[in-house]
Every structure is written in structure tokens, then in C-alpha cells.
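Asks: One predicted model, sequence on top.
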Amino acid sequence: MEPSRRAQLEAWLRYADELGLGPFYLHRVPQAAPESVRSPDSPSVTTAAETRSFAPEVSSQSTGAGAASRTPVMPPASRPAATSTFLPSLAGTSLFEERVDNDSLERIRADIGPACTRCKLHQSRKNIVFGVGSPTAELVFVGEGPGHDEDLQGEPFVGRAGKLLTQMIEAMGLRRSEVYICNVVKCRPPENRLPEKDEIATCSPYLIRQLAAIKPKVVCCLGACSAQTLLNTTQGISRYRGEWFDYRGARLIATYHPAYLLRNPGAKSDVWKDLQKIMAVLGLQPKRR
Ligand code: URA
């Protein structure tokens, strides 16, 4: 599209959005996949098993984890989105490929505002859960949407699934404060249901701006909702979990949601493999036990 026409159209869309007339753009996520599992509604109860290290069986001495991180190995070349037959529309035109000049997390938060009513999730939420962590993080985790605890505290991933995510981060040799953590939708869906198409379409532009402002090296999608949103696909996560994709200058990998792991602990080994791939890219050493 001709740049001045595009700028005009974008300005008009922003104006319409502020008036609450949007969204006018394509719904890019027809249906969340069954693999995406919401965190439990109930307040956190951390079990003994959950308080153990995320990767207790894996010693940095005896596995590929240590080896991979001692000698960082770049993953195989990402499939170019434009030519992928698997995720056909990643390179498709989205009105939200726009870049906001001098964008920052503060500005995005201010644009959302303290009392956003752009989608119906505002009716039942207590707090907008914008995101937390380093604004210059090399690694961003993207979840689905706030649950009960997150809604109360205004911070993502603080419930049971969040504690597991923190363990995963620490197992990678990082602190939670060194990464950035956010969600596709910033307000809790009632009863922890999956975010709906219109809610994702309304809120995901802010996620996309967050990622553009942070400019991480790696984006790790936690669960199908975020993977499908950012990869613009309806494919189930198990089809591409652990594979690398190009995402607007970053590498993107999808893995299972921590809430799924709470219900299916057997999948932890798959997730640990995915985290090791990220560690290799970032040159991280696993946490020594
Ligand atoms: N599940 C998510 O997807 N995000 C959170 O912040 C908490 C649980």
C-alpha cells in the first residue's frame, strides 16, 4: 500500500478504535486449540512436586543441556514465513504491522489506559495485567490471559502456573526479572475461559507493540493461544511445538503452557527440550543444582 495512504488509514483506524468502533482488521485467530489449558480458577495451592526445580532429573553435567549452552548452537534456519506452506499467513498483510515511532512500554500502557473498555473482558476484570519484567529482555514469554491470581494482583503468571513458569525460567539460569512476561489479552476471561476472537483481535495489537518495543531475541509462546495469535495460524500447538520461526526480527518458539504441565507433568521433558533450544540461542548455562 502506498505509504501516505497507509498512514492515513492507520490514523483513521486508531481514531475509530478510540471511539470504540473497532476492530476493523481481520480476525486472525479463528479458534483456540484444545491444547491450550487455562490455569485453575482456584487460588494457588503449590504442591510439593511443584516446588521442586523444574528440571530436577536433568543434570547440567550429564545431558545435552550443559553441552548446548557451553557451546551455543544456533538452531536450524527458521522457516521463512513468506514461503512456509505450514503457516501460510504469517507474512500476510496486517494493519497492525505498523510501527509506532518511539514506542515504549510506558506509552503502550498509557495507550491502553487505566480503565480500558475496548472489549467485553473489562466487565468482569479487577485489574489490567499489562506485563512484567525487563523492558530490554532478550527473552519474552507470552501466555494467554490472566487468571484469578493475576487478575487480583495485576501481574502475569503469579498463580500455580506462574510459579512453575518461574521455575522454568530459573532452570534456564535466568531470574524472572531478567525476562519479560505478558499475555495475549490483558484482562481475565470470566471463569478462565479461552479468550474469544474479538477479544484477541482487540488486545493483540498491544502485545505486538510490546514485542516491537522490547525487541527480544526470542519470543516463547506458552500454549496455543499465543502461538496461534503471533503465528497467525489455527494449527494445534503440537504440530509445531519446539520449532523455530522468524517473527519480525526475533526467533519465535512455542511450547506447552505451564498450566498444561500442571495437568500433564509428563510433558515437562518436551518443554525442557524447548527451553534448552532457547538457552542455546541465548548462550545460557542451566542453573547448577
Ligand atoms: N495463564 C496465562 O496464560 N497467563 C497468566 O498470566 C496466568 C495464567
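Replies: Ah, there it is.

Asks: surely Leu261 meets Ala267?
Replies: Yes: Leu261 lies in contact with Ala267 (CB atoms under 8 Å); the separation is 5.7 Å. The way it works is simple: take the backbone N, C-alpha and C, and place the C-beta from them, glycine included.

Asks: Among the two, which residue is more densely surrounded?
Replies: Leu261 (23 against 17; other CB atoms under 10 Å).

Asks: Just list whatever residues bridge to whatever residue of the stretch 51-200 of the chain ends up closest to the ligand.
Replies: Nearest to the ligand in the stretch 51-200 of the chain, going by CB to the nearest ligand atom, is Gly143, at a distance of 2.9 Å. Taking DSSP bridges as the rule, Gly143 bridges to Asn183.

Asks: and it, what does it touch?
Replies: 156-157, 161, 165, 181-184, 222-223, 225-226, 257 (CB atoms under 8 Å, 6 or more residues apart in numbering).

Asks: Mark which of those residues are buried, thanks.
Replies: 156-157, 161, 165, 181-184, 222-223, 225-226, 257 (16 or more other CB atoms under 10 Å).

Asks: List the residues that contact Asp103.
Replies: Arg209, Ala212, Ala213 are the contacts of Asp103 under CB under 8 Å, 6+ apart.

Asks: one step back: out of the contacts of Gly143, which are close to the ligand?
Replies: Pro156, Phe157, Ala161, Asn183 (CB under 6 Å from any ligand atom).

Asks: Okay, buried residues for stretch 134-147 please.
Replies: Judged by neighbour count (16+ other CB under 10 Å), stretch 134-147 contains these buried residues: Ser134, Ala137, Glu138, Leu139, Val140, Phe141, Val142, Gly143, Glu144, Gly145, Pro146, Gly147.

Asks: got these as TSV, with secondary structure, pLDDT and distance to Gln285 columns?
Replies: Formatted as TSV, the buried residues of stretch 134-147 follow (DSSP: H, G, I helix; E, B strand; the rest coil; pLDDT from 0 to 100; distance: CB to CB, whole Å):
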residue	secondary structure	pLDDT	distance to Gln285
Ser134	coil	98	19
Ala137	coil	98	18
Glu138	coil	98	14
Leu139	strand	98	14
Val140	strand	98	20
Phe141	strand	99	19
Val142	strand	98	24
Gly143	strand	98	25
Glu144	coil	98	30
Gly145	coil	98	32
Pro146	coil	98	32
Gly147	coil	98	31
